[in-house]
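K.L.:
sequence first, then the predicted structure, then my questions.
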Amino acid sequence: MTRDDTLAGVQSRTIETDRLETHVLESGSHDGDGETVIFVHGNVSSSRFFEDVMADLPTRQYAVAPDLRGYGDTETKPVDATNGLGDFANDLRALLTELDLETPVTLVGWSNGGGVAMRYAIDDPDAVRQLVLVNPLSPYGFGGTKDLEGTPCFDDYAGSGGGIGNDAFVSGLEDRDRGEEGEASPRKILRTYYVDPTHEFDEEREESYLTGMLDTTTGDGNYPGSAVDSDNWPGVAPGETGVNNAISPKYCELSEITAIDGDAKPPVLWIRGDSDQIVSNESLFDLGTLGKMGELPGWPGEDAFPPQPMVDQTRAVLEAYEDDGGEFEEVGFGNTGHAPHVEVPSDFVRELESVLR
């Protein structure tokens, strides 16, 4: 499958690997003298969210943005959550092998894609020249941990995984709802949480991003994933399949990035929006935050289930990474939410080019 509505300078094609048929967007020259840049999108999104940045990159850079399994126009296959983000990282490795790219490459991972990029670097650090993490998933996963060391709130990791998804939002994805009504409609989530609420979209680009969200496969094997009953609050714990279980701290452990051999540690550029409401120390998608706000009944209190300090966890791991011989730089964008590459693309490209040079 290919798209015929891409921006000028961006091409679309589908590549068959030994794991699955992967749709990609490409820009620049494969044979140029610039860097190879791989863009990895986040949850409930697709390569469409990087299209503007790819169009703006100098043509000497060769850029590739795949749709991950179950997203965009890539083949749908279930996600084995017990392998953490391993399915996505292995799919990416198969794609880069099929493209016959010279390594190392620069990996740019946004949100969950930041977790995929970290997983890739942990497994094959020599293949990564530079890690650019954009509002990345905490190295301890999403939900259900309480401190800088990623200590779980409960032994069964209740409060994380496939059971904490918003049913109305999932239904909106299933129905491909493009409307503006409802606090949990995909368009409302895009406008309110993917970006700073003050951001004004270009109408055509908003429709493309919304399509990128709606092209998400839903169900126990994909988004949000399966769940099991728990005796702990809020009554559900992670299952073994699906995206939200793959990022549960039960299976997602990325702090081991610090253990990469010192000489092989790729430099890290950490870019984040300072008004991100999805990945933050008090994420509005985290049950600990919602319980503290009184939005969920039965919250066991801050000692048992506080808001997950996602940003502080990432900073602590990257500081340990630096102490162990790596290097990282943190860049914050003011009045910017979860998707700096969408909200301030020129600033984002400037930061990206600074590491590509």
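P.N.:
Received the coordinates, thanks.
K.L.:
any idea how far the residue nearest to the spatial centre of the chain is from P306?
P.N.:
In the chain, the C-alpha nearest the mean C-alpha coordinate belongs to N112, at 2.1 Å (C-alpha atoms, centre = their mean). Separation of N112 from P306 (C-beta to C-beta, to the nearest Å): 22 Å. (Glycine included, C-beta is placed from N, CA and C.)
K.L.:
what of S275?
P.N.:
Counting by C-beta to C-beta, the gap from S275 to P306 is 21 Å.
K.L.:
so which elements touch the host helix or strand of A320?
P.N.:
Using DSSP states H and E, the element containing A320 is helix 310-323. Other helices and strands packing on helix 310-323, by 3 or more C-beta pairs under 8 Å, 6 or more residues apart in numbering; DSSP states H and E, are strand 268-273, strand 328-333.
K.L.:
for it, buried residues please.
P.N.:
By 16 or more other C-beta atoms under 10 Å, the buried positions in helix 310-323 come out as 310-311, 313-318, 320-321.
K.L.:
can you lay out those residues as CSV showing pLDDT and distance to D123?
P.N.:
Shown next, in CSV, are the buried residues of helix 310-323 (pLDDT from 0 to 100; distance: C-beta to C-beta, whole Å):
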residue, pLDDT, distance to D123
M310, 98, 23
V311, 98, 25
Q313, 98, 21
T314, 98, 19
R315, 98, 23
A316, 98, 22
V317, 98, 17
L318, 98, 19
A320, 98, 19
Y321, 98, 16
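K.L.:
closest to P104 among those residues?
P.N.:
When these are ranked by distance to P104 (C-beta to C-beta), Y321 comes first, at 17.2 Å.
K.L.:
for the stretch 151-300 of the chain, which segments count as helices?
P.N.:
167-174, 186-189, 203-214, 243-246, 287-292 (DSSP state H, counting those that start in this stretch).
K.L.:
out of these, which is closest to G86?
P.N.:
For G86, the closest of those is helix 243-246, at 8.2 Å, according to C-beta to C-beta.
K.L.:
contact partners for the residue nearest to the centre of the chain?
P.N.:
Applying C-beta atoms under 8 Å, 6 or more residues apart in numbering to N112 gives the contacts 42-43, 85, 137, 243, 247.
K.L.:
10 Å instead, please
P.N.:
For N112, the contact set (C-beta atoms under 10 Å, 6 or more residues apart in numbering) comprises 40-45, 68, 85, 88, 136-137, 142, 243-244, 246-247, 252, 279.
K.L.:
which of those fall in strands?
P.N.:
For the contacts of N112, membership in strands holds for V40, with DSSP state E as the criterion.
K.L.:
filter the contacts of N112 to the buried ones?
P.N.:
The neighbour count (16+ other C-beta under 10 Å) marks 40-45, 68, 85, 88, 136-137, 142, 243-244, 246-247, 252, 279 as buried among the contacts of N112.
K.L.:
any idea of the pLDDT on G32?
P.N.:
With respect to pLDDT, G32 scores 68.
K.L.:
what's the pLDDT at E102?
P.N.:
On pLDDT, E102 comes in at 81.
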